[in-house]
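Undergrad: Provided below for reference: sequence and predicted model.
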Amino acid sequence: MPRRRRTSEETPVPPKKHRYNLRSRTKKALGSEEEEGRISSLSDEDLRARNKVLEPKDEPSATLNVSSVDCQTKLNRKNHHTNEFEKAGNIYRRGQAFVIRVEFDREVKSDHDVILLQFTYGTRPQESKGTVIRIPLDLKPTTKTSDATETWFAEVKNIAGKGLECAITSAPDSSIGEYRFYIETNLKDTDAVKRYEENESMIILFNAWAKEDTVYMDKEEERGEYVLNETGRVWTSRTWYGRPWNFGQFDDPVLDVALQLLLEGGLSDVACTSPVSVIRCLSSLCNSCDNNGVLAGRWTKEYPKDCTVPWKWTGSVPIIKEYHTNGNKPVRYGQCWVFSGLLTTMCRCLGIPTRSVTNFDSAHDTDSSMTIDSHWDEDGEPLEDMNDSVWNFHVWNESWFRRLDLPEGYDGWQAHDATPQEASEGIMRCGPAPLTAIKEGHVYLNFDIPFVFGEVNGDRVQWVVKKDGTMEVSQIDHSAVGHYISTKRMGSNDREDVTHLYKYPDGSEQERKVAKFVNRYSTRRKQNIYKLDTTKVLNFTVSPPDNTLIGDDMEIKVAVKNTADGPLKLHLTVSLVNAYYTGVAGSRVKTQTFEETIKAKDEKIVTMPVKGTEYHDGMNPEGRFQLYISGKNIDSGSMESTQISFVLKKPQLVIQVPQTIEAKEDTEATIVFKNTTQLVLTQAEIAVEGSGLLAPQTIDISSPIKPGDEVKKTVVLHPRKPYFWGRELIATFTSKQIVDIETSADIKVIRQNKDNDSDSD
């Protein structure tokens, strides 16, 4: 089983208190017997009952009575870019006006009537805490009024007879979540107050369209991609085509679950104004290591029968639905790209611009040294169990916002991660860490910058373990980690390289300057590894067999170049190991040694053939391998080494569906899989989903799929409305022998000729 710092199924360590803990979590920690005399023990219900401004009032008088409230839901949701939510009701974005129309029992008289709007937030609303917002109206049209803080505004647009139309603008730093709405009426110079409580609450989200909001993005294309786009790509291999993922942030019950997680995380009302605190909460509760979060992680070769294996997921919505319907019990199981897709969904749902990002050769620094250690014995054999892991790839998230908690210069993309790796302030989460701080090595800032710096720019230190157990540094590799950092390009499904946002070019003067500066903050700074002489004279160039079909024989070629001025007598060792993508080694497949003499500036190629029968039995179903190569100078005893990973080629999965279909009409899509391998595939399944097209479903394939067999399965699409930007159907194939085969199809949904419904995006 691959190394994990702590799995979600182990007994959790009680979390340390931190700045974003709220009274709900604090009270649980203290225990009821310890609360008395320390904090107020008044319950939420009792506090609300004592708060007079929350009481409905209907005293007999000539004061206006509210007959009805029209929240103009359809118009407001369209203007606030929330009309795609399946959840009904009033969903708005902060810092932007929404319109309501109120009907009273008599004509509104601006000279005599007094009207006040009140909004309340949280379980303990209180005006002194900013969670009761009271805005008196000026009944002269086009005159703005505000609450006491002058951050919420109201403007009467029109008064006609018994009706009043009003625009309300919430503060651009409002707490996100649910608000209650009241209308108070009175007559001038009287105390006969009537208070009406609207049955419908409203939900306020972050607003990337409002310049005053910390999550504001300048370009419409950016907002469309990072807030509104319901599908995307997650890179798990070094290709231009990423893994399709259905974020589905507007599907039910995503919004309800996201808001519930903020309550479960114990965020204070003030903390809910900040994307920093919201992201730290979500990144901890998207995994299940603390407080029964949404998704449990697992990185084993075998999985229980009553679970979903990580590579079967095609999107976030089925995970969230399962969590919601099963009483908020953690869903089993996910790995890094699943955690990232889930967190992208949660953040986009709440209005925070977010994307999934993949770092290839991603280091896992376990001791805050910001370096990565690899170990070899004196004969050049890898000692895998002693190594820090370097994940073949690791997927995390970036969100865009201003960092009001840091000095100037750290706004923009912020890296954060829900995959459980190392605890941050006692809880399994990571970030948000400004990309600027990571690139410049400002590891003394919040949050978790040293860990992310190690992932993308840590130096790999190669150690030789002698027979007596002592160790010495044989080599320092300055460019071993942090490659091909990838995300989806705006407006297309192509890859965008963002490596330059995280680090200067490997080996450049700026990059080395940053690395040496960061070493001052390393837990192993006293070892002065950068003063050691580790001159490199061997260059290894590996030709991995990544075009070999899984199950077939393969051939591994390694070119070894001698860059020294004289000949070298070398003992070369090539070892092939079954591996997890986390960089943790599985079973050894084959090791072969070579004795070679290479002339100065010359190169030799060594070849290790591997038969399919040599790796079938121990192979992980993802078909991933780790290759270790070392070269020992027979005369001097010095040694140099390298390691790479690769994945064998897999059969293709194809979706056959028309490119254009009509809304509200059934259309068939056929999913085709042909077994082009020499393996018999058993326990096969096809998972398929498409936001707005098809609810997630799994198709079992009961019979074994023999070599050359073709499987065709048909699903019925029923798009609920036209979509100008199109929809995407996503499918994955898994079996006991091969996993992680995915495909997708773009589909344009048009209006029926007879359909007069104007509700489309």
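TA: That came through fine.
Undergrad: Please enumerate residues in contact with the helix or strand harbouring Arg588?
TA: Assigned by DSSP states H and E, Arg588 falls within strand 585-598. For strand 585-598, the external contacting residues (C-beta atoms under 8 Å, 6 or more residues apart in numbering) are 301, 380-382, 384-385, 560-562, 567-580, 604, 606, 608, 610, 614-615, 618, 620, 625-626, 634. Heads up, the C-betas are built off the backbone N, CA and C, glycines and all.
Undergrad: Recalculate using a threshold of 7 Å.
TA: 384, 560, 562, 567-580, 604, 606, 608, 610, 614-615, 618, 620, 626 (C-beta atoms under 7 Å, 6 or more residues apart in numbering).
Undergrad: Tell me which of the residues you listed fall in strands.
TA: If you go by DSSP state E, these have 560, 562, 568-579, 604, 606, 608, 610, 626 in strands.
Undergrad: if we can go back for a sec, buried ones from the contacts of strand 585-598, can you make that a ChimeraX selection?
TA: Under the burial definition 16 or more other C-beta atoms under 10 Å, those of the contacts of strand 585-598 that qualify are selected in ChimeraX by:
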select :384,560,562,568,570,571,572,573,574,575,576,577,578,579,580,604,606,608,610,615,620,626
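Undergrad: Do me a favour and average the pLDDT over stretch 218-238.
TA: What stretch 218-238 shows for mean pLDDT is 96.
Undergrad: Kindly report the same for stretch 701-718.
TA: Mean pLDDT, stretch 701-718: 96.
Undergrad: repeat for stretch 191-198
TA: Here the average pLDDT along stretch 191-198 is 92.
Undergrad: Can I get it as CSV, trimmed to CA atoms?
TA: Extracted C-alpha coordinates of stretch 191-198, given in CSV (Å, rounded to 0.1, in the frame of the first residue of the first chain):
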residue,chain,number,x,y,z
ASP,A,191,-44.7,53.6,17.4
ALA,A,192,-47.2,51.2,15.7
VAL,A,193,-44.6,49.0,14.0
LYS,A,194,-45.6,46.1,11.8
ARG,A,195,-43.0,43.6,10.8
TYR,A,196,-43.5,41.1,7.9
GLU,A,197,-41.1,38.1,7.5
GLU,A,198,-40.8,36.9,3.9
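Undergrad: what sits against Ile655?
TA: Ala669, Ile671, Leu729, Ala731, Thr743, Ala745.
Undergrad: So the fourth one sits against Thr743, correct?
TA: Yes - distance between Ala731 and Thr743: 5.6 Å, which falls inside the contact criterion (C-beta atoms under 7 Å).
Undergrad: Those two: which is more packed in?
TA: A count of neighbours by other C-beta atoms under 10 Å puts Ala731 above the other of Ala731 and Thr743, at 26 against 20.
Undergrad: so how far is Ile686 from that one?
TA: 6 Å (C-beta to C-beta, to the nearest Å).
Undergrad: Find residues that contact each of those two.
TA: Residues touching both Ala731 and Ile686 (C-beta under 7 Å, 6+ apart) are Ile671.
Undergrad: which residues in the stretch 151-300 of the chain form strands?
TA: 153-160, 163-169, 177-187, 194-197, 202-205, 231-234, 243-246, 295-297 (DSSP state E, counting those that start in this stretch).
Undergrad: Okay, now the sheet partners of the fifth one, with direction.
TA: To tie it back to what came earlier, the one meant is strand 202-205. Looking at strand 202-205 with DSSP bridges, its partner strands are strand 90-93 (parallel), strand 177-187 (antiparallel).
Undergrad: what does stretch 479-490 contact?
TA: Against stretch 479-490 from outside (C-beta under 7 Å, 6+ apart): 221-222, 225, 232-233, 235, 238, 242, 355-363, 372, 390, 455-458, 460, 495-499, 502-503, 506-507.
Undergrad: Endpoints of that stretch, how far apart?
TA: Its first and final residues considered, stretch 479-490 spans 29 Å by C-alpha to C-alpha, to the nearest Å.
Undergrad: Let me know how buried Lys601 is, in neighbour terms.
TA: Using other C-beta under 10 Å, the number of residues around Lys601 comes to 12.
Undergrad: For Ala515, find the nearest of the strands of the stretch 151-300 of the chain.
TA: Comparison of those against Ala515 by C-beta to C-beta identifies strand 231-234 as nearest, at 28.9 Å.
Undergrad: on that earlier part again, sort out for me which of the contacts of stretch 479-490 are in strands.
TA: Using DSSP E, the contacts of stretch 479-490 in strands are 232-233, 355-363, 372, 390, 460, 495-497.
Undergrad: who touches the residue lying closest to Thr231 once chain neighbours are set aside in this structure?
TA: In this structure, Thr231 finds its nearest non-sequential neighbour in Glu728, 4.4 Å apart by C-beta to C-beta, 6 or more residues apart in numbering. The contact partners of Glu728, by C-beta under 7 Å, 6+ apart, come to Thr231, Pro244, Gly690, Ser744, Asp746.
Undergrad: How many neighbouring residues does the spatially closest residue to Pro450 that is not a sequence neighbour have?
TA: Leaving out its chain neighbours, the residue that sits closest to Pro450 by C-beta to C-beta, 6+ apart is Val443, at 4.4 Å. When neighbours are counted by other C-beta under 10 Å, Val443 registers 23.
Undergrad: What distance do you get for Val443 to Tyr502?
TA: 13 Å.
Undergrad: Correct me if wrong: His375 contacts Glu384.
TA: No - contact between His375 and Glu384 fails when scored by C-beta under 7 Å: they sit 8.3 Å apart.
Undergrad: Quick one: work out the angle between the helix ranked longest in the chain and strand 354-363.
TA: If you go by DSSP state H, the chain has its longest helix at helix 336-350. Relative orientation of helix 336-350 versus strand 354-363 (axes from the mean of the first three to the mean of the last three C-alpha atoms, to 10 degrees): 150 degrees.
Undergrad: Show me what helix 336-350 is packed up against.
TA: If contacts are counted by 3 or more C-beta pairs under 7 Å, 6 or more residues apart in numbering; DSSP states H and E, helix 336-350 sits against strand 231-234, helix 254-264, helix 275-285, strand 295-297, strand 354-363, strand 390-401.
Undergrad: How far away from the center of its chain is that helix?
TA: 4 Å (C-alpha atoms, centre = their mean, to the nearest Å).
Undergrad: Break down the stretch 351-500 of the chain into its helices, ranges please.
TA: Along the stretch 351-500 of the chain, the segments classed as helices by DSSP state H, counting those that start in this stretch run 435-440, 449-457, 499-502.
Undergrad: so how far is Asp565 from the residue nearest to Thr231?
TA: For Glu728, the distance to Asp565 (C-beta to C-beta) stands at 57 Å.
Undergrad: among the contacts of Glu728, which ones are buried?
TA: Thr231, Pro244, Gly690, Ser744.
Undergrad: right, and the third one touches Ala731 too?
TA: So that's Gly690. No - the pair Gly690 / Ala731 is not scored as a contact, 9.1 Å apart, by C-beta under 7 Å.
Undergrad: any residues in contact with both of these two?
TA: Residues touching both Gly690 and Ala731 (C-beta under 7 Å, 6+ apart): none.
Undergrad: contacting residues around the residue lying closest to Ala210 once chain neighbours are set aside?
TA: Leaving aside its chain neighbours, Ala210 sits nearest to Gly95 (3.6 Å; criterion: C-beta to C-beta, 6+ apart). When contacts are counted by C-beta under 7 Å, 6+ apart, Gly95 touches Thr169, Ser170, Ala171, Pro172, Asn207, Ala210, Glu212, Asp213.
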